[in-house]
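S.K.: sequence and computational prediction follow.
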Amino acid sequence: MSDQSSPHEATEQLDRDAPAPLHAQVSEQIRARILAGEWPPHYRLRSEPELAADLGISRGTLRRALSTLIRDGLLVQVRGRGTFVTSTAIEPSIAQKLTTLSEDFARQGVSYTTQVVTQRVMAAPPPLATLLDLNPGQSVLRLERLRCAASGPVAWLVNYVRTDLAPGLERADLADRSLFGLLENDYGLKITTGRRTFTATAATGRIAEALGVPEHFPLLYLEQITYLDDGRAIEYSDVWIHSERMRVTSLLSRR
């Protein structure tokens, strides 16, 4: 982690005397970071004014560089949210409210319990630090929880929360309270947007044991990054869901 470049360092020095135009140099430097995994899938680039200022180039030049990478499928722009590194997997857009499992359970009247397994502060590992816009070595709260309903264990959750935005969170009681509710009510943070991806995966090791399923049992895996109203990333989570005990439903609308 210590040898990773800061996510705030956009690129290496540009050679203004080189025959290659500036926009081509920028696109190649960004491409190298993506292919090396330094900017992982779902990483949100800094805003165009910030990137252009860091590079000492015009926004027009930067846009030409980004356009090349968008055309090549390495970046995607989402209106009102920014430019993201794309995933290599097929990833349809799913429209749904940014609610948590506990909020969904409460709204549906489902009785559940939450067991906090781990709640400790640690240095954010790469590429997590990059996804949360942290510098290498900055701390996050790692939170591991097991959520159970009447039918048995339904979800294993691992959250990473920026401690610079929520100091002291490691001392909070998260067995009886929603993580998002605590961040919003106790810390005054306004969580407004997020990005979720769903994939299928096989249960292994510790997760299989926690969910009470055999090795290679099919699970639904959810990855999520959430953002505050000012655009800062606040939380990253990995969630493994028991596929026979819980289904994820999306309410969709056409246009």
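M.R.: Happy to help now that I have it. Numbers count the residues shown, from 1 in each chain.

S.K.: could I get the full set of strands for the stretch 101-250 of the chain?
M.R.: 112-123, 139-149, 152-162, 191-202, 218-228, 233-242 (DSSP state E, counting those that start in this stretch).

S.K.: mind putting the ones you listed in JSON lines, mean pLDDT included?
M.R.: Output for the strands of the stretch 101-250 of the chain, formatted as JSON lines (pLDDT from 0 to 100):
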{"stretch": "strand 112-123", "mean pLDDT": "93"}
{"stretch": "strand 139-149", "mean pLDDT": "94"}
{"stretch": "strand 152-162", "mean pLDDT": "94"}
{"stretch": "strand 191-202", "mean pLDDT": "88"}
{"stretch": "strand 218-228", "mean pLDDT": "93"}
{"stretch": "strand 233-242", "mean pLDDT": "94"}
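
S.K.: can you list these in a markdown table and add mean neighbour count and distance to residue 31?
M.R.: In short, each C-beta sits where N, CA and C put it, glycine included. Converted to a markdown table, these look like this (neighbours: other Cβ atoms under 10 Å; distance: least, Cβ to Cβ, whole Å):
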| stretch | mean neighbour count | distance to residue 31 |
| --- | --- | --- |
| strand 112-123 | 14 | 28 |
| strand 139-149 | 20 | 28 |
| strand 152-162 | 21 | 27 |
| strand 191-202 | 15 | 22 |
| strand 218-228 | 19 | 22 |
| strand 233-242 | 21 | 23 |
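
S.K.: out of those strands, the one nearest residue 74 is which?
M.R.: Among the strands of the stretch 101-250 of the chain, the nearest to residue 74 by Cβ to Cβ is strand 191-202 (16.8 Å).

S.K.: contacts for that closest one, please.
M.R.: 42, 81, 84, 87, 89, 91, 94, 96, 98, 180, 183-184, 215-229, 234-235, 240, 248 (Cβ atoms under 8 Å, 6 or more residues apart in numbering).

S.K.: and with 6 Å instead?
M.R.: Applying Cβ atoms under 6 Å, 6 or more residues apart in numbering, the contact partners of strand 191-202 are 42, 91, 98, 180, 216, 219, 221-227, 229.

S.K.: that one pairs with which strands?
M.R.: strand 218-228 (antiparallel) (DSSP bridges).

S.K.: for the partner strand, C-alpha coordinates in CSV please.
M.R.: The C-alpha atoms that make up strand 218-228 are tabulated as CSV, following Å, rounded to 0.1, in the frame of the first residue of the first chain:
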residue,chain,number,x,y,z
PRO,A,218,-24.6,-20.4,-4.7
LEU,A,219,-24.7,-16.9,-3.2
LEU,A,220,-25.7,-13.5,-4.4
TYR,A,221,-22.8,-11.0,-4.0
LEU,A,222,-23.4,-7.3,-3.8
GLU,A,223,-20.7,-4.6,-4.0
GLN,A,224,-21.6,-1.1,-3.2
ILE,A,225,-20.0,2.4,-2.9
THR,A,226,-22.0,5.2,-1.4
TYR,A,227,-21.5,9.0,-1.7
LEU,A,228,-22.4,12.0,0.3
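
S.K.: nearest to residue 156 among the contacts of strand 191-202?
M.R.: Checking the contacts of strand 191-202 against residue 156 with Cβ to Cβ, the nearest one is residue 219 at 8.7 Å.

S.K.: how about low-confidence regions in this structure?
M.R.: Within the chain, the stretches with pLDDT under 70 are 1-12, 87-99, 104-110, 249-255.

S.K.: can you map out the helices along it?
M.R.: Under the criterion DSSP state H, the chain carries helices at the ranges 22-35, 48-55, 59-71, 101-108, 128-131, 179-186, 205-211.

S.K.: now those in TSV, with distance to residue 119 and mean neighbour count?
M.R.: Shown next, in TSV, are these (distance: least, Cβ to Cβ, whole Å; neighbours: other Cβ atoms under 10 Å):
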stretch	distance to residue 119	mean neighbour count
helix 22-35	33	18
helix 48-55	34	16
helix 59-71	39	17
helix 101-108	16	15
helix 128-131	17	22
helix 179-186	11	17
helix 205-211	16	16
